[in-house]
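Asks: have a look at this fold, sequence not included:
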Ligand code: IMP
């Protein structure tokens, strides 16, 4: 059974842990979108691994790790991650495959990201400053794009980088008054990346089709969440890739028909980092309580996350566009100790009740939440292992999520460790 795991909110739903658990039954784990803007935390034997680009399967010795063509690949960050894992004893010799078609994030992309964000001031997107938008923009623009395959042709790459930096230097200087980038420096860094990573660069689409034909089980690992999807999220406060399950096919070359299980991951509440509308946000004591109990601070940037109630309208929409047929609800333990909990099954928009998520940022800003209130529970859930042993009100809460989203819950997270998970029939 092939499986695709994606977030149904604004990222940080706990996908890393779900992927890590499912990877045990899989042969291959594939990242298909985004880049080092993602942050996946996996805890194994009390050791914490914060991964940005490496698929979460990396911490399982027998699992092949694929970086698909849809990823924007930052070799500088990836090498640090790879070397860090190697120092901890993990070996990647025959199990790491990086797409030759993946686009490369270089120093000037990161510079452009931060220059643009600073210039936007209050109107900034609140990006991770990892060069994601500028790299995807170069991909779409084509003429100034660098792909992993370019590392194989150093002379051509050298002249390409000269052409790119000539152009970017003129723009950066004129628009932002920035210092020029040295093309030789960029080229030298590419030489290092190419020496260290060259052996892993290949046609990952071919690799994946052959793996599936040979009966291997493949797990597709999403980054960010459906509400940050470039086409289907809360534009312009989104990331620059198709972060929903819809990105799986373009980002890997594997059609949806080859995947049986589309698992959507949600937190039992909602969080968001960066700017943009967030209807169920609780910019108050409740939000602070969730932030503290759930340790809601970004893995990549350390920024405090904005916190709020579970948004059923958003999750139902994200499940619909992603063809989601199973849900994992993470961080259920975080909600313990609250007298009442709220879930939002619909919005009021211009005097009318709607159940369908309006992605337009203006509409979403105006949407008023119609809440359903549920009773809370006080019991600590962190060591509960069976669904039946959950407090009645926690079960009622899970059932409310199923009712509002229209999707069955199969996994419930009760803490950061691998074993803190409940399977529900
Ligand atoms: P970018 O992807 O760095 O361009 O940032 C665009 C938006 O996506 C910003 O609001 C970021 O905070 C958000 N974002 C990007 N990656 C993540 C993530 O892994 N988790 C949560 N939000 C993210």
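Replies: That came through fine. Bear in mind that the values here come from a model prediction, so they are computed numbers and not experimental data. Numbers count the residues shown, from 1 in each chain.
Asks: quick one, longest helix in the chain?
Replies: Identified as the longest helix of the chain according to DSSP state H is helix 154-171.
Asks: tell me the SS of the residue of the stretch 201-350 of the chain at minimum distance from the ligand?
Replies: Closest residue of the stretch 201-350 of the chain to the ligand, CB to the nearest ligand atom: residue 274 (2.2 Å). For every residue, glycine as well, the C-beta is placed using N, CA and C. Following DSSP: H, G, I helix; E, B strand; the rest coil, we place residue 274 in the coil state.
Asks: what sits against it?
Replies: 125-127, 237, 303 (CB atoms under 8 Å, 6 or more residues apart in numbering).
Asks: mind telling me what element the nearest residue to residue 91 once chain neighbours are set aside is part of?
Replies: Leaving aside its sequence neighbours, residue 91 sits nearest to residue 61 (CB to CB, 6 or more residues apart in numbering; 7.2 Å). If you go by DSSP states H and E, residue 61 is not part of any helix or strand.
Asks: do I have it right that residue 61 meets residue 89?
Replies: No. In this structure residue 61 lies outside contact range of residue 89 using CB atoms under 8 Å: 9.1 Å.
Asks: quick check: buried residues in the biggest strand by length in the chain?
Replies: Across the chain, the longest stretch assigned as strand under DSSP state E is strand 340-349. For strand 340-349, the buried set under the neighbour-count rule, 16 or more other CB atoms under 10 Å, comprises 341-347, 349.
Asks: in contact with residue 109, which residues?
Replies: Contacts for residue 109 (CB under 8 Å, 6+ apart) come out as 131-132, 134-135, 138.
Asks: show me which of those neighbour the ligand.
Replies: Near the ligand, judged by CB under 6 Å from any ligand atom, the entries from those are residue 132.
Asks: alongside the ligand, which residues does the stretch 251-400 of the chain contribute?
Replies: Checking the stretch 251-400 of the chain against the ligand by CB under 6 Å from any ligand atom, the hits are 273-274.
Asks: where along this structure do the helices fall?
Replies: Counting by DSSP H, the helices of the chain are 15-23, 75-87, 107-120, 132-141, 154-171, 183-197, 204-213, 247-252, 285-293, 312-322, 361-366, 392-405.
Asks: for the fifth one, give the mean pLDDT please.
Replies: If I follow you right, that is helix 154-171. If you average the pLDDT over helix 154-171, you get 97.
Asks: and for the second one?
Replies: Across helix 75-87, pLDDT averages out at 95.
Asks: check which helices and strands that helix sits against.
Replies: Applying 3 or more CB pairs under 8 Å, 6 or more residues apart in numbering; DSSP states H and E, one finds that helix 75-87 contacts helix 183-197.
Asks: so for the helix it packs on, what's the average pLDDT?
Replies: Helix 183-197 comes out at a mean pLDDT of 97.
Asks: contact partners of that helix?
Replies: Outside helix 183-197, the residues that touch it by CB under 8 Å, 6+ apart are 75-76, 78-79, 98, 104, 106-108, 146, 148, 151-152, 154, 157-158, 161-162, 164-166.
Asks: buried ones only from those, please, as a ChimeraX command.
Replies: Selecting the buried subset of these in ChimeraX, with 16+ other CB under 10 Å as the burial test, is done by:
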select :75,78,98,104,106,107,108,146,148,151,157,161,164,165
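Asks: closest one to the ligand out of the contacts of residue 109, please.
Replies: Nearest to the ligand among the contacts of residue 109 is residue 132, at 4.1 Å by CB to the nearest ligand atom.
Asks: does the closest one touch residue 33 like I think?
Replies: No. Applying CB under 8 Å, one finds residue 132 not in contact with residue 33, separated by 10.2 Å.
Asks: what touches both of the two?
Replies: residue 241.
Asks: of these two, who's got more company?
Replies: Neighbours were counted for residue 132 and for residue 33 using other CB atoms under 10 Å; residue 33 has more, 31 against 25.
Asks: what does the model give residue 123 for pLDDT?
Replies: With respect to pLDDT, residue 123 scores 89.
Asks: which of the contacts of residue 109 sit farthest apart?
Replies: Within the contacts of residue 109, 132 and 138 form the most distant pair, 11.2 Å apart (CB to CB).
Asks: tilt between the longest helix of the chain and helix 107-120?
Replies: Here the directions of helix 154-171 and helix 107-120 differ by 20 degrees (axes from the mean of the first three to the mean of the last three CA atoms, to 10 degrees).
Asks: packing partners for helix 154-171?
Replies: helix 107-120, helix 183-197.
Asks: got the contact list for it?
Replies: Here helix 154-171 makes contact (CB under 8 Å, 6+ apart) with 108, 112, 144, 146, 150-151, 180-183, 186-187, 190-191, 194.
Asks: rerun that using 10 Å as the cut-off
Replies: Helix 154-171 is contacted from outside by 104, 106-109, 111-112, 115, 134, 138, 143-146, 149-151, 153, 172, 178-187, 189-191, 194, using CB atoms under 10 Å, 6 or more residues apart in numbering.
Asks: selecting buried members of these in PyMOL, what would you type?
Replies: Here is the PyMOL selection string for the buried members of the contacts of helix 154-171, based on 16+ other CB under 10 Å:
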select buried, resi 104+106+107+108+109+111+112+115+134+138+144+145+146+149+150+151+172+178+181+183+186+187+190+194
